[in-house]
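Peer 1: Predicted structure and sequence below. I'll ask about it afterward.
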Amino acid sequence: MKRKDPDLLLFHAPLLRQGMTTPKAMRDVLYALAPATLASLWFFGLSAALILGACIAGAVAAEWLFAQREARGESLRDASGILTGLLLGLTLPPGLPLWMAFLGGFVGISLGKAIWGGLGHNLFNPALLGRAFLLATFPIAMTTWVPINVDGGFLDVYPGNLALPFMQAGADGVTAATPLGMMKFEHTVTPLADLAFGKVSGSLGETSGLLLLLGGIFLWLRRDLDWRIPVSILLTVLVFSAALSMVDAARFPTPLFSVFSGGLLLGAIYMATDPVTSPITPKGAWIFGTGTGVLVMLIRVFGGLPEGVMYAILLMNAATPLIDRYTQPRVFGRGAESK
Amino acid sequence: MSASRDTASPSSLRLVLTLAIAGLISGIAIIGIYESTLPTITANKARELRAAVFKVLPGVSQMQALVYRDGELVALAEADKDESVVYGGYDERGEFVGYAVPGAGPGFQDTIALLYGYVPAEQQVVGMEILESRETPGLGDKIYKDAEFVAGFGALSTEPEIIAVKKGSKAAPNEIDAITGATISSKAVVRIINEAHVEWSERLPPPGSEPALNESESGGTGAGR
Amino acid sequence: MKKNESYEEFVKGVWRDNPVFVQVLGMCPMLAVTNSAINAIAMGLATFFVLVGSSILVSSFRHWIPKQVRISCFIIIIATFVTIADYTLLALVPKVHKELGAFIPLIVANCLILGRQEAFASRYPTRLAVFDAMGMAAGFLLALFSLGAVREILGDGALFGVKLFGENFEPWVIMILPPGGFLTLGVILLFFNWFKYKKDEFLAEVAEAERSS
C-alpha cells in the first residue's frame, strides 16, 4: 500500500487481509541483518559467531525461563528473542568474554521485555537495554576494542572471548581505538571508504555501513519499517554535524563521518525503528527521529563518551508514550478540542 | 490510641509543657554525647590528616599548619574557618622539607578532594593522596587505587604546569601518564593540583625562608586543628 | 502464653511483616548504603539502636504524651537517638561513618521508625513494644545485609572486604553504583513474592484436598 500521510485513516469493505504478522516481520529483520552478520564473521572470524551465539542463547534462555509454562514454545516461535540476541551481539566488541555476552542477552530479555509483560509491552528496546546493562557493569571489557582480523584465519579466536565465567578477560591483548574514539580523544579522522566498507575497529555489526544500509533498503521495500525514523535521524545528524563543521572544521567531524562511524546506522535502521518502542503516528516518528539525532550529536560532541547512539535511543524510547499522546490524531467527527 | 484516654482535650499549656520538657531532655542528652565523643573525634581527624601529610611528603616526621596572613605564611595559632591552610612538613631535626597543599575540584562524578606534597626547592610535586572522591568504581577510582598512577606523582615538575598524557607517552618531567579508560578523572586530578599550585605559588616565601617549626606551640606533633 | 505473644511480635517483624520485603518501608537507606555488607550492617545496627531505644521511651511515656503533639514528641525522641548514634559512630568507626555520610542523620526520616511508634509502641505495653521493635529492626537488618552481601559479592568479588574469587574476578561495577541497589532489591522482592505466591497456592491445594476427602 502506497499512500500519503493521511490525517485520518478510513477503510471500507472489502477489508483485505494483510500478510503482515509479527513472526514474518521479525524474520524479515533477520534476513536484512544477514549481510552485516556475514560481514562480521568475515572481519572477526569465529569470535563473531561465538559472541552472537552466546547473546542469542542468553536471550532465548530468558525468553524460555520467564514464559508461562503452557506458552513456552510459543514465545520462541515469533523469533523476537533471537532477533534481540542478534541485535545485541552486533553492538558488542568482538573481544568480549562469552559469559558477558550471554548475560547481556539474558538481562536484555528479562529486564527489557519479560518484566514488562512480554512482546509489545516493553518501554525500552531490549537489545539496547542489555547493552546498557553490560556497559554499566563491565565498563572496561565493553570499551576494549580489538583490531579487525584481516590476516588471521577464520578459526583464530580472540583470547578475551574464552574467559571463564565471572573472570576477567585476562592480560591485555592488542587493542585498537574506534574511529569515534580516535576522533574524540586523538583528533584523528578515519578515511570514509574504510568506514563504509568496514575496515575499521568497532563492535561486530557497526563496522560496515554500506551493508547495514542495504538491509535497511530491503526492510523499507518490504514495508517492515517506518522509513521516517531512520531518515529523520540521519538527516538530523547530517545537518547538525554540517553546522558544526562549518563552525570549526578541524575540531568537529564531517557530516559523512558522523553518519558512517559508530553504531549510528545500526541503531537508526534496526533499533530505533522497533515498532514496540517507537511512536506509531507519522508525526511522532519525525519527532522521535529528530530527537534521537540531536541527542546522538550532543552526546558525541559535548558528552564524556565517544558514542551516544544507545543512550539517545533509550532516552527517546522513554519519551515515546508522551510523543504518542501528543501526536494522536483527533477522533473523527469531534472538534479540535477533543483527543 | 492510648493518649485518647485523656478524653477532654488537654490545655494548650500542657501541650507546650510536654514538648518543652521533651526538648529539654533531648538537648541535655545530645550535649552529653557531643561532649563525651568530641575528644575522640578530634583526635581521629588529626591522626588522619597527619597520616596523609606524612604520606605525600616522604621523609617528614613533624608538621604544622600554616595560613597566609597579611602577606606572609604564619604558623596557625588558632583555626580560622575561612582561611585556606597548607601544612609545612619538617624532618626529625626540624628542618623544613616541603608543603602539603590541599586542593579540591570537580571530578567525573563529584568533587575530588586531595592533598599533594610540594617541595619548593626542587619545584616538584613529591606525592599525592586522594582524600575524598566518588569516581566510578573500577575506572575513575583508579586515581587512588592504581599504584602506578599515584606513584607518578612521586617526582613531577610543576614547571610550567603538570600535563596528563596518554599512558606510556610520558616524555618530560612535567608529564604524567593518565589512566587508560579514566582520562577525565586523571585530568581532573592534574587540574586540581595545577590550580592549587597557581593559587599558592605566589604566596609561598622564596625557598630557604620558610617559617620554622614552632616547637613550643605544636610540641613536636603539630597536629593542626 | 505470654512468652508466645512476645515471640510472635518478634517473628512478625523478621519474616511475615518484614519492613523491607513486605511493607517496602525505609527504602532510602536500603538503596543508598547497601553497596557493601559492612556498611549495610552498620546502618542496620544504627537503625536497630534507634528503633528499640525510641520504642521503649514512647511506650513508657505513652500515657503522658497528649495525642495532639504525639508526632512531634516521637520525632524529638527519635532525633535524639539518631544524634547519639551519629556521634558514637563518628567516634568509634570514622571510616564507616564517612561511607554512610548523610544517611545516618537521615535515619530520623525513616518511615519504618516513626511508623512503629505510631502503630505499635504508643498503644502497647513496653515489653511487647520492645519485642516488636527488635523484630522489625532485625528484619530491617536482615534485608540490608542480604542486599549488601549480594551487591558486594557481585560488585567487588568480596564479602566484608575478603576477596572470594581471587584476583581475576571481573567486578560487576553496576552493583556498587545506585542502579545496582534498585536491581538487587527488585530481584529479591521478586523472589519473596514468588515464594509467597507458591506458598499460598500450596495451602489452597491442601485445603481443597482436605475438603474433598
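Peer 2: Received, thanks.
Peer 1: ok now the lowest-mean-pLDDT helix or strand in chain C, how far from the chain's centre?
Peer 2: The helix or strand of chain C with the lowest confidence, counting by mean pLDDT, DSSP states H and E, is helix C:2-11 at a mean of 76. Taking Cα atoms, centre = their mean, to the nearest Å, one finds the center of helix C:2-11 at 19 Å from the center of the full chain.
Peer 1: Residue 139: neighbour count?
Peer 2: Defaulting to chain A. 19 (other Cβ atoms under 10 Å in any protein chain shown). Just so you know, the C-beta spots here come from the backbone N, C-alpha and C atoms, and that holds for glycine as well.
Peer 1: right idea, wrong chain: chain B
Peer 2: For B:L139, the neighbour count with other Cβ under 10 Å is 20.
Peer 1: which one is it nearest to, not counting chain neighbours?
Peer 2: Once flanking residues are discounted, B:L139 sits nearest to B:A182: 4.7 Å by Cβ to Cβ, 6 or more residues apart in numbering or on different chains.
Peer 1: Equivalent analysis for C:C111, please.
Peer 2: C:L25 (5.3 Å).
Peer 1: contacting residues around the one you found?
Peer 2: Counting by Cβ atoms under 8 Å, 6 or more residues apart in numbering or on different chains, C:L25 touches C:P19, C:N110, C:C111, C:L112, C:G115.
Peer 1: next helix or strand past the helix or strand containing C:K98?
Peer 2: If you go by DSSP states H and E, C:K98 is part of helix C:94-100. Sequence order places helix C:111-116 as the next helix or strand after helix C:94-100, per DSSP H and E.
Peer 1: Up against chain B, what does chain C have?
Peer 2: C:62-70, C:72-73, C:76-77, C:79-80, C:83-84, C:87-88, C:90-92, C:94, C:122-123, C:155-156, C:171, C:173, C:176-177 (Cβ under 8 Å from any Cβ of the partner chain).
Peer 1: For A:L210, see how far away the residue nearest to A:L264 when sequence neighbours are not counted is.
Peer 2: Closest residue in space to A:L264, ignoring its immediate chain neighbours: A:V309 at 5.4 Å, by Cβ to Cβ, 6+ apart. Going from A:V309 to A:L210 by Cβ to Cβ, to the nearest Å gives 18 Å.
Peer 1: The two: which is more packed in?
Peer 2: A direct count of neighbours by other Cβ under 10 Å for A:V309 and A:L210 places A:V309 higher, at 28 against 15.
Peer 1: Give the full set of residues in contact with the more buried one.
Peer 2: Going by Cβ under 8 Å, 6+ apart, A:V309 touches A:G262, A:G263, A:L264, A:L266, A:G267, A:A268, A:V296.
Peer 1: quick one: which two of those residues are the most distant?
Peer 2: The distance between the two most remote of those (Cβ to Cβ) is 12.2 Å, for A:L266 and A:V296.
Peer 1: ok, those two, which is more surrounded?
Peer 2: When A:L266 and A:V296 are compared for neighbours, A:V296 comes out ahead with 31 against 27, by other Cβ under 10 Å.
Peer 1: hang on, the earlier thing: quick one: buried ones out of the contacts of C:L25?
Peer 2: Among the contacts of C:L25, those buried by neighbour count (16 or more other Cβ atoms under 10 Å in any protein chain shown) are C:P19, C:N110, C:L112.
Peer 1: isn't the second one right next to C:M27, touching?
Peer 2: If I follow you right, that is C:N110. No - in this structure, C:N110 is not within contact of C:M27 by Cβ atoms under 8 Å, at 9.3 Å.
Peer 1: Just the C-alphas of the helix or strand following the least confident helix or strand of chain C, formatted as CSV.
Peer 2: Downstream of helix C:2-11, the first helix or strand assigned by DSSP H and E is helix C:27-32. Extracted in CSV, the C-alpha atoms of helix C:27-32 (Å, rounded to 0.1, in the frame of the first residue of the first chain):
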residue,chain,number,x,y,z
MET,C,27,13.8,2.4,51.0
CYS,C,28,16.2,5.4,51.3
PRO,C,29,18.9,3.8,53.4
MET,C,30,18.1,0.5,51.8
LEU,C,31,19.1,1.6,48.4
ALA,C,32,21.8,4.1,49.4
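Peer 1: what comes up buried for helix C:27-32?
Peer 2: Neighbour count says helix C:27-32 has C:P29, C:M30, C:L31, C:A32 buried, by 16+ other Cβ under 10 Å.
Peer 1: What helices and strands are in contact with the helix holding C:K98?
Peer 2: Here helix C:94-100 touches helix B:12-56, helix C:37-60, helix C:70-92, going by 3 or more Cβ pairs under 8 Å, 6 or more residues apart in numbering or on different chains; DSSP states H and E.
Peer 1: Alpha carbons of it, as PDB, please.
Peer 2: Output of helix C:94-100 as PDB, limited to C-alpha atoms (Å, rounded to 0.1, in the frame of the first residue of the first chain):
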ATOM      1  CA  PRO C  94      35.100   7.000  61.400                       C
ATOM      2  CA  LYS C  95      35.700   5.100  58.200                       C
ATOM      3  CA  VAL C  96      32.200   3.600  58.200                       C
ATOM      4  CA  HIS C  97      30.700   6.900  59.200                       C
ATOM      5  CA  LYS C  98      32.400   8.500  56.200                       C
ATOM      6  CA  GLU C  99      30.800   5.900  53.900                       C
ATOM      7  CA  LEU C 100      27.400   6.300  55.400                       C
END
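Peer 1: for chain A, what are the nearby residues on chain C?
Peer 2: Counting by Cβ under 8 Å from any Cβ, the residues of chain C near chain A are C:G157, C:F165, C:N168, C:F169, C:E170, C:W172, C:V173, C:I174, C:M175, C:L177, C:P179, C:L183.
Peer 1: Just give me the neighbour total for the third one.
Peer 2: By the other Cβ under 10 Å criterion, the neighbourhood of C:N168 contains 13 residues.
Peer 1: Would you quantify the distance from it to chain B?
Peer 2: As judged by Cβ to the nearest Cβ, to the nearest Å, C:N168 and chain B stand 14 Å apart.
Peer 1: Just the buried positions in the lengthiest helix in chain C, please.
Peer 2: Looking across chain C with DSSP state H, the single longest helix is helix C:178-212. Residues of helix C:178-212 classed as buried: C:G180, C:G181, C:L183, C:T184, C:L185, C:I188 (neighbour count, 16+ other Cβ under 10 Å).
Peer 1: Next: stretch A:205-223.
Peer 2: Neighbour count says stretch A:205-223 has A:205-209, A:211-213, A:215-216, A:218-220 buried, by 16+ other Cβ under 10 Å.
Peer 1: Tell me which two in these are the farthest apart.
Peer 2: Pairwise over these, using Cβ to Cβ, the maximum falls at A:T207 and A:W220, 22.1 Å.
Peer 1: where does the spatially most central residue of chain B land on pLDDT?
Peer 2: Compute the mean C-alpha point of chain B, and by Cα atoms, centre = their mean the closest residue is B:P102, 5.0 Å away. Looking at B:P102, its pLDDT is 86.
Peer 1: quick one: low-confidence parts of the chain?
Peer 2: Here I'm looking at chain A. Confidence mapping of chain A against pLDDT under 70 gives the ranges A:1-20, A:70-76, A:148-157, A:159, A:169-177, A:179-200, A:207, A:304, A:333-339.
Peer 1: my bad, chain C
Peer 2: Short version for chain C, where the test is pLDDT under 70: C:1-3.
Peer 1: secondary structure class for the nearest residue to A:M310 once chain neighbours are set aside?
Peer 2: Using Cβ to Cβ, 6+ apart and skipping residues adjacent in sequence, the residue nearest A:M310 is A:L128, 5.3 Å away. Secondary structure state of A:L128, per DSSP: H, G, I helix; E, B strand; the rest coil, is helix.
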